[in-house]
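# quick one, fold the following:
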Amino acid sequence: MTFKYKLAEDKHAGTKGMFDKQLDKWNKEWEEDKAEIAKLPKEIQDKIKNAAKKALSEKKCWDGYESQGKKMKDGKLVNDCKPIKK
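Numbers count the residues shown, from 1 in each chain. This next block holds a predicted model:
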């Protein structure tokens, strides 16, 4: 996974440098992590990937929202978060 950031409008161009350093840092860390994972046996790599997918799919909803089942989004099963009715 490579972290990418694209500024939508020129009026934000002054902040671009601020994000470039952080994104470069994250990309470097990610490449280092990938290299470490690649050294592990295939079975353990698969367990790590499955655990990460499960954790992301079980991510909770924002404050004021609750999960009302699951839905497909971009080919992935995610929580269907709806506002909490008062």
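# list the contacts of Ile84.
Ile84 makes contacts with 64-66, as judged by Cβ atoms under 8 Å, 6 or more residues apart in numbering. Bear in mind the C-beta positions are built from the backbone N, C-alpha and C, glycine included.
# tell me where this protein has helices.
For the chain, the helices defined by DSSP state H cover 16-38, 42-57.
# save the ones you listed as CSV, and put in mean pLDDT too.
Formatted as CSV, the helices of the chain follow (pLDDT from 0 to 100):
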stretch, mean pLDDT
helix 16-38, 86
helix 42-57, 86
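# of the contacts of Ile84, which belong to strands?
65-66 (DSSP state E).
# quick check, nearest of the contacts of Ile84 to Lys73?
Lys73 has its nearest neighbour among those in Tyr65, at 14.8 Å by Cβ to Cβ.
# what's the burial count for the closest one?
14 (other Cβ atoms under 10 Å).
# that one pairs with what?
Beta-bridge partners recorded for Tyr65 (DSSP bridges): Pro83.
# I'd guessed it sits against Asp80; true?
No. The criterion here is Cβ atoms under 8 Å, and Tyr65 misses it with Asp80 at 9.9 Å.
# tabulate the contacts of Ile84 (TSV), appending pLDDT and distance to Asp46.
Output for these, formatted as TSV (pLDDT from 0 to 100; distance: Cβ to Cβ, whole Å):
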residue	pLDDT	distance to Asp46
Gly64	88	37
Tyr65	89	32
Glu66	86	32
